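Trainee: just coords:
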């Protein structure tokens, strides 16, 4: 299962945590994906897209 938003294409990014001694440990920061149904299709959508979608529905 790919952790990529179906609408905008956002995916995980590489990041680093730093210890007190400044040692770098790499890890991945994942996108906050939610599974939603739109027009009969199940999509993995990030919360940023959901918020934008809600704003568009509110003004329309």
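Mentor: Done, it's in. Here the structure is a predicted model, which means the values were calculated and not measured.

Trainee: which residue of the chain sits farthest from its center?
Mentor: The centre of the chain is farthest from one residue, residue 21, which by C-alpha atoms, centre = their mean lies 31.0 Å away.

Trainee: ok so that one is a helix residue?
Mentor: No - under the criterion used here (DSSP: H, G, I helix; E, B strand; the rest coil), residue 21 is coil, not part of a helix.

Trainee: and it, how far is that from residue 14?
Mentor: Noted for residue 21: a distance of 21 Å to residue 14, by C-beta to C-beta, to the nearest Å. To be clear about C-beta, it is placed using only N, CA and C from the backbone, and glycine gets the same treatment.

Trainee: which residues does residue 13 contact?
Mentor: With contact set as C-beta atoms under 8 Å, 6 or more residues apart in numbering, residue 13 has these partners: 28-29.

Trainee: need the strands for the protein, in chain order.
Mentor: Along the chain, counting by DSSP state E, strands occupy 13-18, 24-29, 33-38, 41-46.

Trainee: gap between residue 48 and residue 17?
Mentor: From residue 48 to residue 17 the distance is 23 Å (C-beta to C-beta).

Trainee: who has more neighbours, those two?
Mentor: Higher neighbour count among residue 48 and residue 17: residue 48, with 14 against 9, using other C-beta atoms under 10 Å.

Trainee: tell me the pLDDT at the more buried one?
Mentor: On the pLDDT scale, residue 48 is placed at 95.

Trainee: quick one: it and residue 57, what's the gap?
Mentor: 15 Å.
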